[in-house]
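A.B. asks: any chance you can model this:
(chains A and B)
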Amino acid sequence: AQTVTQSQPEMSVQEAETVTLSCTYDTSESDYYLFWYKQPPSRQMILVIRQEAYKQQNATENRFSVNFQKAAKSFSLKISDSQLGDAAMYFCAYRSALQSGAGSYQLTFGKGTKLSVIP
Amino acid sequence: KAGVTQTPRYLIKTRGQQVTLSCSPISGHRSVSWYQQTPGQGLQFLFEYFSETQRNKGNFPGRFSGRQFSNSRSEMNVSTLELGDSALYLCASSAGPTSNEKLFFGSGTQLSVL
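C.D. replies: Sure thing, here's the model as predicted:
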């Protein structure tokens, strides 16, 4: 079974600064997908960024980028120019490509990192 | 286009009762999955439906069940509620369980069991 670990329960960042959230995972599979989701106080999970394991290039979405280290099984999220609206819980998630090939969309989540943005 | 809609948003029940939660996916989406979120266990997969068929089930007791209707709306049912069932229940939908589909979440139903 796959596991996802987020070792930082809480983090804070000054507005306009850069912060990096850590995520490690354990899997025996070679093909999979990794995600970062944001959960603001409204509770709705919002997809921030997605990475396919077969792609060597790190994914980027505006101010959000990842550092994907497949051999180290590490998947960190960097938020640049932090804004007050970035304050939320951030979850790292894993999806097996084998399961997706079988028609299943099951995510395994880490426990989350609570990010605070200081004005 | 309306997002994933979950009703009710809040629910209070007592031990031993049963509860039904509802999820309406994004129009056109045929895949619906459910997750339980608690402070202790985090987010855990409950089950997933596609075209009215359960495709996958998480490691939860048989008291947790679900179904999907022909219009893709889904319900989950928890019978004989226990205190530990208090949680945020999140529903998510996608157009289909293929590799490139994005998953969209609702705002959840907060269940409190007293």
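
A.B. asks: CA only for contacts and neighbour counts going forward, please
C.D. replies: OK.

A.B. asks: can you show me the helices along the chain?
C.D. replies: Assuming you mean chain A. A:97-101 (DSSP state H).

A.B. asks: close to chain B: what parts of it are there?
C.D. replies: With C-alpha under 8 Å from any C-alpha of the partner chain as the criterion, chain A meets chain B at residues A:42-47, A:97, A:100-101, A:103-112.

A.B. asks: tell me which stretches of the chain form strands.
C.D. replies: No chain in the question, so chain A it is. A:3-5, A:10-14, A:19-21, A:24-26, A:32-39, A:46-52, A:60-61, A:64-69, A:74-79, A:88-96, A:108-109, A:113-118 (DSSP state E).

A.B. asks: meant chain B actually
C.D. replies: B:5-7, B:10-13, B:19-24, B:31-38, B:42-50, B:53-57, B:64-68, B:74-78, B:87-94, B:104-105, B:109-113.

A.B. asks: elements contacting the third one?
C.D. replies: Secondary-structure packing of strand B:19-24 (3 or more C-alpha pairs under 8 Å, 6 or more residues apart in numbering or on different chains; DSSP states H and E): strand B:5-7, strand B:74-78.

A.B. asks: again, only using 10 Å
C.D. replies: Applying 3 or more C-alpha pairs under 10 Å, 6 or more residues apart in numbering or on different chains; DSSP states H and E, one finds that strand B:19-24 contacts strand B:5-7, strand B:10-13, strand B:31-38, strand B:64-68, strand B:74-78, strand B:87-94, strand B:109-113.

A.B. asks: touching chain A at all, the third one?
C.D. replies: Yes: interface with chain A: strand B:31-38 contributes B:31, B:32, B:33, B:34, B:35, B:37, B:38 (C-alpha under 10 Å from any C-alpha of the partner chain).

A.B. asks: what's the closest non-adjacent residue to the residue in chain B that chain A sits nearest to?
C.D. replies: Taking C-alpha to the nearest C-alpha, chain A has its nearest neighbour within chain B at residue B:107, 4.1 Å off. Spatial nearest neighbour of residue B:107, excluding adjacent residues (C-alpha to C-alpha, 6 or more residues apart in numbering or on different chains): residue A:44 at 4.1 Å.

A.B. asks: hang on, the earlier thing: if you rank the residues of strand B:31-38 next to chain A by neighbours, which is first?
C.D. replies: Neighbour counts for those peak at residue B:32, which has 35 neighbours (criterion: other C-alpha atoms under 10 Å in any protein chain shown).

A.B. asks: who touches that residue in this structure?
C.D. replies: With contact taken as C-alpha atoms under 10 Å, 6 or more residues apart in numbering or on different chains, residue B:32 is in contact with A:105, B:4, B:23-26, B:47-52, B:54-55, B:67-68, B:72-75, B:91-97, B:103-105.

A.B. asks: kindly state the beta-bridge partners for it.
C.D. replies: On the basis of DSSP bridges, residue B:32 is bridged to residue B:49, residue B:93.

A.B. asks: without its sequence neighbours, what residue ends up closest to the residue nearest the centre of chain A?
C.D. replies: Nearest to the mean C-alpha position of chain A, by C-alpha atoms, centre = their mean, lies residue A:36 at 2.7 Å. Spatial nearest neighbour of residue A:36, chain neighbours left out: residue A:92 (4.6 Å); criterion: C-alpha to C-alpha, 6+ apart.
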